[in-house]
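Enquirer: need a 3D model of the following:
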Amino acid sequence: MNRILSILLGFFFLFFACEDKNKPKKPQNLIPKDQMEKIIYDLYIITSAKGVNKKVLEENNIIPETYILTKHNIDSLQFAESNDYYAFDSEGYKIIIDNVKKRLQEEKEYFEELQKKEAKATKRRRDSISKVNSKIKKDSIVKTKKLTPIN
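Expert: Okay, here's the model as predicted:
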């Protein structure tokens, strides 16, 4: 009986804990969803850049988070309040994050395709240079054979 009562009390507290009582108030300076997507996108990019080559950012005196906030003309409090507000609605926030991930995936595919095209162009240049060098080598061998007298 105590076990059943404990489970029921647990569900009761869980039910009321999920109520909108703790929902943050809508900030006066709420960042619009589309701009929030752009900010989160830039944060993903700059975080990746920081992970890849932190030294370059340090040499250029770039503090990634400050750079993003300045770029979007917002302050850290405005971002934090807006982020809390959007994050409370997990489904809405998931849509924002999914849009960011979709954009990142599209750009990744674009750059991979661009890289393939550049690799093909480089290979074509190397092949044509090799062809020309091979022809020059053959021509020089033929010329030396013609110039060498036979005894």
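
Enquirer: low-confidence ranges in this structure?
Expert: Along the chain, segments meeting pLDDT under 70 span 1-21, 133, 135-151.

Enquirer: spatially central residue in it, please.
Expert: I45 (4.1 Å; CA atoms, centre = their mean).

Enquirer: okay, that one and E59: tell me how far apart.
Expert: 19 Å (CB to CB, to the nearest Å). C-beta: built from backbone N, CA, C; applies to glycine.

Enquirer: host element of the residue nearest to the centre of the chain?
Expert: helix 33-52 (DSSP states H and E).

Enquirer: so the residue nearest to I40 when sequence neighbours are not counted is in which element?
Expert: Nearest non-adjacent residue to I40, counting by CB to CB, 6 or more residues apart in numbering: V100, 5.1 Å away. Element membership for V100 (DSSP H and E) is helix 90-147.

Enquirer: coming back round to it: which helices and strands sit right next to the helix holding I45?
Expert: Packing partners of helix 33-52 (3 or more CB pairs under 8 Å, 6 or more residues apart in numbering; DSSP states H and E): helix 54-59, helix 64-71, helix 76-88, helix 90-147.

Enquirer: returning to that earlier point: from Y67, how far off is the residue nearest to the centre of the chain?
Expert: Here the criterion is CB to CB. By it, I45 lies 11 Å from Y67.

Enquirer: then L30?
Expert: From L30 across to Y67, the span is 22 Å (CB to CB).

Enquirer: do K102 as well
Expert: 24 Å.

Enquirer: which residues touch Y44?
Expert: Applying CB atoms under 8 Å, 6 or more residues apart in numbering, one finds that Y44 lies in contact with V100, L104.

Enquirer: how does it look with 10 Å?
Expert: If you count contacts by CB atoms under 10 Å, 6 or more residues apart in numbering, Y44 has them with I97, V100, K101, R103, L104.

Enquirer: ok, the last one touching I45?
Expert: Looking back up the chat, that one is L104. Yes: L104 lies in contact with I45 (CB atoms under 10 Å); the separation is 8.0 Å.
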